[in-house]
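In: how would this look folded up:
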Amino acid sequence: MAEIRTLHDAVAELVHDGDTVAMEGFTHLIPFAAAHEVIRQGITDLTLVRMTPDVVYDQLIGAGLVRKLVFSWGGNPGVGSLHRFRDAVENGWPRPLELDEHSHAGMANRYVAGASGLPFAVLRGYRGSDLATRTDTVSTVTCPFTGEELAAVRALNPDVTVIHAQQADRDGNVQLWGLTGVQKEAALAARRVLVTVEEIVETLEPRPRGIVLPGWVVTAVAHVPGGAHPSYAAGYSVRDNDAYAAWDPVSRDRDAFLAWMKDHVYDGSEPR
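Out: Residues are numbered from 1 along each chain as shown. Okay, the predicted model is just below:
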């Protein structure tokens, strides 16, 4: 059964140096507040996993806490590149960054395999691309029924998955809705799961197309209203497009980046 914890305590207990950490969210429900707490606590040598790393991963990489990134697309959505990510890859600042790049379908299938307790997943993919030649997590398998050669991707089982959601009850059952990505699969594949939520309610009311994670899947829940900002939580907040646009000039300059991080993350004052 999941425990209700403060964000500080939940991160300290669940996220450790050297962990493989998935912080999933697609356009909305991105766990910015939890990631900022990881930065404040200086948890380092992380392997970060996410289908679509955006600004929050740029911040973690720029903070020097990431040794490897497993992903399928990276960018500042609607704006452009991730400049801290790029600086780490091209110049090794503040530290070199190892990459394990996949297709979207490959990443989604890796999570599904991990959630299913299987060692790998099979799909038609990676043909016409050199991605498979640059990773040891893609191979091929021959179908025993048709003889067709298919791509095989190694299962993903993060040490910790961190997601943001709209609601949890006091038993740690979590409900999220709206534009969801692979949060469910990433949670089911992980050894430990931290969920930050907008609201803790006495009883979850099922919603159409809502996803419910039962308390036995979740390790800890932290009540963090606005914890997805500058992304959004459907029904609770809207996307702060200005914040994404403002990140571009900040992230292009190392000194500007460090000053922004001091003002908005290390000093504990989340920008709103």
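In: what are the boundaries of the strands in the stretch 101-250 of the chain?
Out: Secondary structure of the stretch 101-250 of the chain (DSSP state E, counting those that start in this stretch): strands at 120-123, 138-142, 149-154, 160-169, 174-176, 192-201, 211-213, 220-223.
In: would you mark the buried spots in the last one?
Out: Think strand 220-223. By 16 or more other CB atoms under 10 Å, the buried positions in strand 220-223 come out as 220-222. C-beta coordinates here come from the backbone N, C-alpha and C atoms, glycine included.
In: which helices and strands sit right next to that strand?
Out: On a contact count with 3 or more CB pairs under 8 Å, 6 or more residues apart in numbering; DSSP states H and E, strand 220-223 meets strand 3-4, helix 7-14, strand 192-201.
In: listing partners with orientation, what would you give for the helix or strand following the second one?
Out: Just to be clear, that refers to helix 7-14. Remark: after helix 7-14, the chain's next helix or strand is strand 20-23, criterion DSSP states H and E. Note on strand 20-23: by DSSP bridges, its sheet partners are strand 46-50 (parallel), strand 160-169 (parallel).
In: who touches residue 153 in this structure?
Out: 102, 106, 109-110, 113, 120-121, 123, 137-138 (CB atoms under 8 Å, 6 or more residues apart in numbering).
In: okay, these in a markdown table with pLDDT and neighbour count next?
Out: Listed next are these as a markdown table, based on pLDDT from 0 to 100; neighbours: other CB atoms under 10 Å:
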| residue | pLDDT | neighbour count |
| --- | --- | --- |
| 102 | 96 | 25 |
| 106 | 97 | 25 |
| 109 | 98 | 23 |
| 110 | 98 | 29 |
| 113 | 98 | 22 |
| 120 | 98 | 17 |
| 121 | 98 | 23 |
| 123 | 97 | 16 |
| 137 | 96 | 16 |
| 138 | 97 | 22 |
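In: now distance to residue 250, mean neighbour count and mean pLDDT too, for the strands paired with strand 20-23, in CSV please.
Out: Converted to CSV, the strands paired with strand 20-23 look like this (distance: least, CB to CB, whole Å; neighbours: other CB atoms under 10 Å; pLDDT from 0 to 100):
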stretch, distance to residue 250, mean neighbour count, mean pLDDT
strand 46-50, 20, 24, 98
strand 160-169, 23, 27, 98
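In: how about those in TSV, adding distance to residue 197?
Out: Shown next, in TSV, are these (distance: least, CB to CB, whole Å):
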stretch	distance to residue 197
strand 46-50	20
strand 160-169	5
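In: which one of those strands lies nearest to residue 26?
Out: Residue 26 lies closest to strand 46-50 among the strands paired with strand 20-23, at 9.6 Å (CB to CB).
In: quick one: buried residues of the helix or strand following the closest one?
Out: Sequence-wise, the next helix or strand downstream of strand 46-50 (DSSP H and E) is helix 55-62. By 16+ other CB under 10 Å, the buried positions in helix 55-62 come out as 55-62.
In: could you list the low-confidence segments of this structure?
Out: In the predicted model of the chain, residues 268-272 satisfy pLDDT under 70.
In: show me the domain layout of it.
Out: Using automatic domain parsing, the domains assigned to the chain come out as 3-102+157-257, 118-154.
In: pick the most deeply packed of the ones you listed.
Out: Mean neighbour count (mean count of other CB atoms under 10 Å) peaks for domain 3-102+157-257 among the domains of the chain, with a mean of 20.
In: how long is that domain from one end to the other?
Out: Using CA to CA, to the nearest Å, one end of domain 3-102+157-257 lies 35 Å from the other.
In: reformat the strands of the stretch 101-250 of the chain as a markdown table; add distance to residue 255.
Out: Output for the strands of the stretch 101-250 of the chain, formatted as a markdown table (distance: least, CB to CB, whole Å):
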| stretch | distance to residue 255 |
| --- | --- |
| strand 120-123 | 44 |
| strand 138-142 | 39 |
| strand 149-154 | 40 |
| strand 160-169 | 29 |
| strand 174-176 | 38 |
| strand 192-201 | 31 |
| strand 211-213 | 41 |
| strand 220-223 | 32 |
